[in-house]
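Student: predicted model and sequence follow; I will ask about them next.
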Amino acid sequence: MAQWPPWTTSLVEAYLLEHRVSKISWHAVLNNHASTRPKRHGGPLVRAVTECKEFAAPGGASAEWRCTLTLPNSFAPGDGRRVVVTGEGTSKDAASELACLRAVVSLISESPSDFLLRPAHWKVSPDELVANLPGVDPASGGHQALPVHTPATLRGAGEEADTPDADARLVALVRDCLIAHGGEFDPSRISHNKMGLGTRGERVYEKFNKLLAPGGLKAFVESHSDEFTWNPKASNTGMVITWAHWARQPAVGDVPAVGTAPQEEGDAPARPDAGVDGGTPPPSEGLDALD
């Protein structure tokens, strides 16, 4: 892999500083590349970035903390491409952050396509970030970001939203959820068991994702205000969907729609910290991201 000219490093540092989400630390950016790297991308390079740091406290001629960060490998376990950088600062944390920034700059400058970038860490997409790095010749086709895990809420998002029966299928799906959950449901906490699907079948949030454009759930509910309504959750993140107060409520004994099942005796409600179906998938498995 050809390294970029040394003069490019300072430009890359300024570029990355401009495009990083400010609340994300440089330690987190580096740790995602080196320590929590998924197996499909080669696996972790080190057990923990913290273990790769050595600190020197202020003393003698130095009035600053100094952090020396040593990574034994750069892009693959055992590649032996050591990275050694230092950072100085008025505090231990400041020195650590500067060392992590310099390590990220060094790695991206050497091979941007092999550095694992997380979308949540940047103000632009990883592909855009890498394609516009300083020193890249557009005529050469630039670089391509290393692909990362796609959250479940984005897989196939909106791929069936323009089909002729999409609206009717969404109406039926919301009705099914309301009947199965006793008249109201949180789109990020849909019980797979209450929907009569057990451990089998396509997850309900996956059906919503395919039929809705990203962020479209609230607008859909509002477009059917004669039958459904939504209310913000107490946390002000996400929503709870109910029947509209003037709509006909399903009477006791009504036959649930196809694909639903009556709540089983003893079926406990989902825990507040549970996933979509009451289990323990990550929060991204729900539909809050759509709204």
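Tutor: Yep, it's here. Numbers count the residues shown, from 1 in each chain.
Student: only C-alpha atoms from now on, for both contacts and neighbour counts.
Tutor: Fine.
Student: mind listing the helices for the stretch 151-291 of the chain?
Tutor: With DSSP state H, counting those that start in this stretch as the criterion, the stretch 151-291 of the chain has helices at 166-180, 204-211, 217-223.
Student: out of those helices, flag the one nearest Ala14.
Tutor: The closest of the helices of the stretch 151-291 of the chain to Ala14 is helix 204-211. By CA to CA, the value is 37.5 Å.
Student: distance from the chain centre to that closest one, please.
Tutor: 17 Å (CA atoms, centre = their mean, to the nearest Å).
Student: that older thread, so can I have a markdown table of the helices of the stretch 151-291 of the chain showing distance to Phe55 and mean neighbour count?
Tutor: Putting the helices of the stretch 151-291 of the chain into a markdown table (distance: least, CA to CA, whole Å; neighbours: other CA atoms under 10 Å) gives the following:
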| stretch | distance to Phe55 | mean neighbour count |
| --- | --- | --- |
| helix 166-180 | 55 | 19 |
| helix 204-211 | 47 | 22 |
| helix 217-223 | 50 | 16 |
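Student: those: lowest mean pLDDT?
Tutor: The minimum mean pLDDT among those belongs to helix 204-211 (a mean of 86).
Student: ok, Arg40 - how many residues close by?
Tutor: Look at Arg40: counted by other CA atoms under 10 Å, it has 8 neighbours.
Student: the helices of the stretch 151-291 of the chain: which one's closest to Val84?
Tutor: Closest among the helices of the stretch 151-291 of the chain, once you apply CA to CA, is helix 204-211, at 44.4 Å.
Student: just the element for Leu30, please.
Tutor: In this structure, Leu30 sits in helix 26-34 according to DSSP states H and E.
Student: how far does the helix or strand that comes right after that helix sit from its chain's centre?
Tutor: Scanning forward in sequence from helix 26-34 by DSSP H and E, the next helix or strand is strand 53-56. Centroid separation for strand 53-56 versus its chain: 32 Å, with CA atoms, centre = their mean.
Student: quick one: mean pLDDT over strand 53-56.
Tutor: 96.
Student: and what of stretch 190-203?
Tutor: Mean predicted confidence for stretch 190-203 is 75.
Student: repeat for stretch 75-86
Tutor: pLDDT averaged over stretch 75-86 gives 93.
Student: any residues touching that stretch, and which ones?
Tutor: Around stretch 75-86, the neighbours that count as contacts under CA atoms under 8 Å, 6 or more residues apart in numbering are 34, 42-46, 66-74, 95, 98-99, 102-103, 106, 114-115.
Student: can we see that at 6 Å?
Tutor: 42, 45, 67-74, 99 (CA atoms under 6 Å, 6 or more residues apart in numbering).
Student: where does the stretch 1-150 of the chain have low pLDDT?
Tutor: 1-9, 135-150 (pLDDT under 70).
Student: let me see the ranges of the strands in it.
Tutor: Here the stretch 1-150 of the chain has its strands, by DSSP state E, counting those that start in this stretch, at 53-56, 65-71, 83-89.
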